[in-house]
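J.: When you get a sec, could you give me coordinates for this:
(one chain, ligands or ions: 2)
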Amino acid sequence: MSRTLIFGGAFDPPHCEHVAICRAAMKELGADKLALVPTYKPPHKDGGFLSFEERRSLVCKAFADFDFVIDDLERERGEDNCSYKVLPILKERYGDIVYLIGGDSVAHFESWKKPEEVVRICSIAVAAREGYGDVACGIKALQNKYGGDFTLIRYEGKDISSSLLKARLLLGEDVSELPSDVLKEIRNRGLFEEYGPWIEKLKEYQSEELFEHSKSVVKRAVQLNSKHNLGQDFVGVFTAALLHDNAKQRPSTDGLPVPENSLNTPVLHQFLGAEKAKRDFGVTDEQVLSAIRYHTTAKADMSTLEKLIYTADSVSDDREYEPIPRLREIAVNDFEEGFLAVLAYTYGKLTARGGGIYPLTREAYDFYINKVRE
Ligand SMILES: [Fe+2]
Ligand SMILES: [Fe+2]
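T.: Numbering: from 1, shown residues only. Ligands and ions are numbered 1, 2, ... in the order given. This is a model prediction of the structure:
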């Protein structure tokens, strides 16, 4: 009897790991058909870079070696595409189905809508993923709570995320984790080139080393956002991280409003950075500007985006000196712990150095570490 593997996702863009886990899962589950189900966001909500049609066309390139169908169910339905609603329809269409999810989804499965119904609809196959803990243990816990038929696929996927690949494409980097035909299509269609003008401008404002740092912060921020499911808008994360140091090497205030007590100090560039991101790059999103404005000092009661940029800036890959690799590891394992570790380390370093601590940093320390609340 024919068995169909169901694999959904944004495919923004589809990458080699998507292909590899489908291949492994089909083999292990004895599935002879593959139905790919791209997620759909109505155009007015699509803050990303690729339209449904573009993602669909890249999926065709990525899976060209498979006997597959692309199911447009989510586009047909429009907005409300929870698994417990979509899977019964797919079951009707394909008969015996197995629903393939990534190991990262096991950690969030309980936050899905009606997980107890999802497990009753069909078997679920889980592809483990590097860096996401003990998936077998996670599956056991789900099974104990909800029942259901889970299979752990023996293939362990590399920790590749579409959002990180997307960030690298937007930064103009080479990306070897994409099937070559996907990359060719991206280049032919001129996709992911939106930030070219900003990048050229930023390069004029930064030394090569500082530009490399900016790129590292983008990649770390995007990675932490997706790894920890922080839910921050991709464009906001990308913009704040890319521009956080845009004023670092151009300290002239040009009459822009910055706090008096930041003049001639290392923290000036954060305030000026927010003002110049507005003036020179046209950034208007207040949350993004605020993340730039406090990326060096931190402050009390920060937003998730502010914490994310602050943390990513401190643990970006271009910083190899002690104790940064250890702090990076903490942040990759636990976002809040990582943020606190960075704040504690920075505060300790500034105290040891003498010469005063900027008031906002002291307030951040009191708020988060000393837990002094007004
Ligand atoms: Fe900075
Ligand atoms: Fe920085």
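J.: Quick check: the gap between residue 210 and residue 358.
T.: For residue 210, the distance to residue 358 equals 21 Å [Cβ to Cβ, to the nearest Å]. For every residue, glycine as well, the C-beta is placed using N, CA and C.
J.: part of a strand, is residue 301?
T.: No. Counting by DSSP: H, G, I helix; E, B strand; the rest coil, residue 301 is located in no strand; its state is coil.
J.: So what's the residue count around the closest residue to it other than its chain neighbours?
T.: Among residues not flanking residue 301 along the chain, residue 367 sits closest, at 6.2 Å (Cβ to Cβ, 6 or more residues apart in numbering). By other Cβ atoms under 10 Å, the residues close to residue 367 number 18.
J.: cool, residue 271 as well?
T.: Around residue 271 there are 22 residues (other Cβ under 10 Å).
J.: Please look at the residue nearest to residue 301 and residue 298 and confirm they touch.
T.: No. Here residue 367 does not reach residue 298: they are 9.1 Å apart, not a contact under Cβ atoms under 8 Å.
J.: Domain map for the protein?
T.: The chain breaks down by automatic domain parsing into domains covering 4-161, 195-368.
J.: Using a markdown table, lay out the ones you listed together with distance to residue 178.
T.: Shown next, in a markdown table, are the domains of the chain (distance: least, Cβ to Cβ, whole Å):
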| stretch | distance to residue 178 |
| --- | --- |
| domain 4-161 | 5 |
| domain 195-368 | 16 |
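J.: Would you single out the least confident of those domains?
T.: Of all these, the minimum mean pLDDT falls on domain 4-161 (a mean of 87).
J.: how far out from the middle of the chain is that one?
T.: With Cα atoms, centre = their mean, to the nearest Å as the basis, domain 4-161 stands 18 Å off its chain's centre.
J.: I'd say residue 207 and residue 249 touch.
T.: Yes. Using Cβ under 8 Å, residue 207 is in contact with residue 249, at 6.4 Å.
J.: would a markdown table of the domains of the chain with distance to ligand 2 be doable?
T.: Shown next, in a markdown table, are the domains of the chain (distance: least, Cβ to the ion, whole Å):
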| stretch | distance to ligand 2 |
| --- | --- |
| domain 4-161 | 22 |
| domain 195-368 | 4 |
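J.: which one of the ones you listed lies closest to ligand 1?
T.: Proximity to ligand 1 (Cβ to the ion) singles out domain 195-368 among the domains of the chain, at 4.4 Å.
J.: Just confirm yes or no for the closest one near ligand 1.
T.: Yes. Judged by Cβ under 5 Å from the ion, domain 195-368 and ligand 1 are in contact via 245, 296.
J.: Would you work out how far apart the start and end of that domain are?
T.: One end of domain 195-368 to the other measures 35 Å (Cα to Cα, to the nearest Å).
J.: so residue 30 touches residue 4, yeah?
T.: No. If you go by Cβ under 8 Å, residue 30 and residue 4 don't touch, sitting 11.2 Å apart.
J.: picking up where we left off before, and the helix or strand hosting the residue nearest to residue 301, how far out from the chain middle?
T.: Assigned by DSSP states H and E, residue 367 belongs to helix 359-368. Centre-to-centre, helix 359-368 and its host chain are 28 Å apart (Cα atoms, centre = their mean).
J.: Check which helices and strands that helix sits against.
T.: Contacts defined by 3 or more Cβ pairs under 8 Å, 6 or more residues apart in numbering; DSSP states H and E place helix 359-368 against helix 335-353.
J.: could you turn the helix it packs on into CSV, dropping everything but the C-alphas?
T.: Extracted in CSV, the C-alpha atoms of helix 335-353 (Å, rounded to 0.1, in the frame of the first residue of the first chain):
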residue,chain,number,x,y,z
PHE,A,335,18.9,32.8,25.9
GLU,A,336,18.0,34.4,29.3
GLU,A,337,21.0,32.8,31.0
GLY,A,338,23.2,34.0,28.2
PHE,A,339,21.9,37.6,28.5
LEU,A,340,22.5,37.6,32.3
ALA,A,341,25.9,36.1,31.9
VAL,A,342,26.9,38.8,29.4
LEU,A,343,25.6,41.6,31.6
ALA,A,344,27.3,40.2,34.7
TYR,A,345,30.6,39.8,32.8
THR,A,346,30.5,43.3,31.3
TYR,A,347,29.6,44.9,34.6
GLY,A,348,32.5,43.1,36.3
LYS,A,349,34.9,44.1,33.6
LEU,A,350,33.9,47.7,33.8
THR,A,351,34.1,47.7,37.6
ALA,A,352,37.6,46.2,37.6
ARG,A,353,38.7,48.7,35.0
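J.: Check which residues of that helix are buried.
T.: Neighbour counts over helix 335-353 (16 or more other Cβ atoms under 10 Å) mark 335, 338-343, 346-347, 350 as buried.
J.: got the residues you listed as a markdown table, with distance to residue 233 columns?
T.: Below are the buried residues of helix 335-353 laid out as a markdown table (distance: Cβ to Cβ, whole Å):
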| residue | distance to residue 233 |
| --- | --- |
| 335 | 16 |
| 338 | 20 |
| 339 | 19 |
| 340 | 24 |
| 341 | 25 |
| 342 | 22 |
| 343 | 24 |
| 346 | 26 |
| 347 | 29 |
| 350 | 32 |
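J.: Looking at residue 30 and residue 4 now, which is surrounded by more residues?
T.: Per other Cβ under 10 Å, whichever of residue 30 and residue 4 has more neighbours is residue 4, with 24 against 10.
J.: measure that one to residue 38 for me?
T.: Counting by Cβ to Cβ, the gap from residue 4 to residue 38 is 16 Å.
J.: wait, doesn't residue 136 sit right on residue 154?
T.: No. Between residue 136 and residue 154 there is no contact under Cβ under 8 Å: 10.9 Å.
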